[in-house]
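# sequence first, predicted coordinates after that:
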Amino acid sequence: MSISLTEAAAQRIQRQLIERGSGLGLRLGVTTTGCSGHAYKLDYADTVEDGDVTFEAHGAKVVVSKRDLPLLDGLRVDFRREGLNEVFRFDNPNATALCGCGESFHYEGEAEAES
């Protein structure tokens, strides 16, 4: 299982933690929502709990719950400036469909992920 960060994403995570003044890294998860079924959930990771897996790249950490790993395995997280907006972008090889707004995705292996 793996999740990768681009250098730009790692730098953004590190800047956010410095501005916040605390935290271990980015907590990345999945929630059931959106027009395609799932959406990415981002928060600060202050601790690593039982059932969490930590990934590190370019000096930044991403913490993910084991229950979300089937949906996120192989995910590449990038950070981009698009016009006036700054956003994290996700390249997820498990997503079989994306919504038009790019905020949610569908995963064919739904039955395997829930068991």
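Received it, and whenever you're ready, just let me know what you need.
# beta-bridge partners for the residue most central in space within the chain, please?
By C-alpha atoms, centre = their mean, the chain has its centre lying nearest to residue 28, at 4.0 Å. Judged by DSSP bridges, the bridge partners of residue 28 are residue 42.
# next, the distance between the ends of stretch 11-28.
Using C-alpha to C-alpha, to the nearest Å, the end-to-end distance of stretch 11-28 comes to 16 Å.
# before we move on, what about stretch 18-25?
Stretch 18-25 has an end-to-end distance of 10 Å (C-alpha to C-alpha).
# what lies in contact with that stretch?
Contact with stretch 18-25 is made by 13, 17, 44-48, 54, 56, 60-63, as judged by C-beta atoms under 8 Å, 6 or more residues apart in numbering. The way it works is simple: take the backbone N, C-alpha and C, and place the C-beta from them, glycine included.
# buried residues, that stretch. List them.
23-25 (16 or more other C-beta atoms under 10 Å).
# go on, stretch 26-33?
Neighbour-count burial for stretch 26-33 flags 26-30 (criterion: 16+ other C-beta under 10 Å).
# can you check stretch 40-49 too?
Buried residues in stretch 40-49, defined by neighbour count with 16+ other C-beta under 10 Å: 40, 45.
# strands - which of the buried residues of stretch 18-25 land there?
residue 25 (DSSP state E).
# for residue 60, grab the count of nearby residues.
Using other C-beta atoms under 10 Å, residue 60 has 22 other residues around it.
# name the helix or strand for the closest residue to residue 60 other than its chain neighbours, please.
Leaving out its chain neighbours, the residue that sits closest to residue 60 by C-beta to C-beta, 6 or more residues apart in numbering is residue 10, at 3.7 Å. For residue 10, the host element (DSSP states H and E) is helix 7-20.
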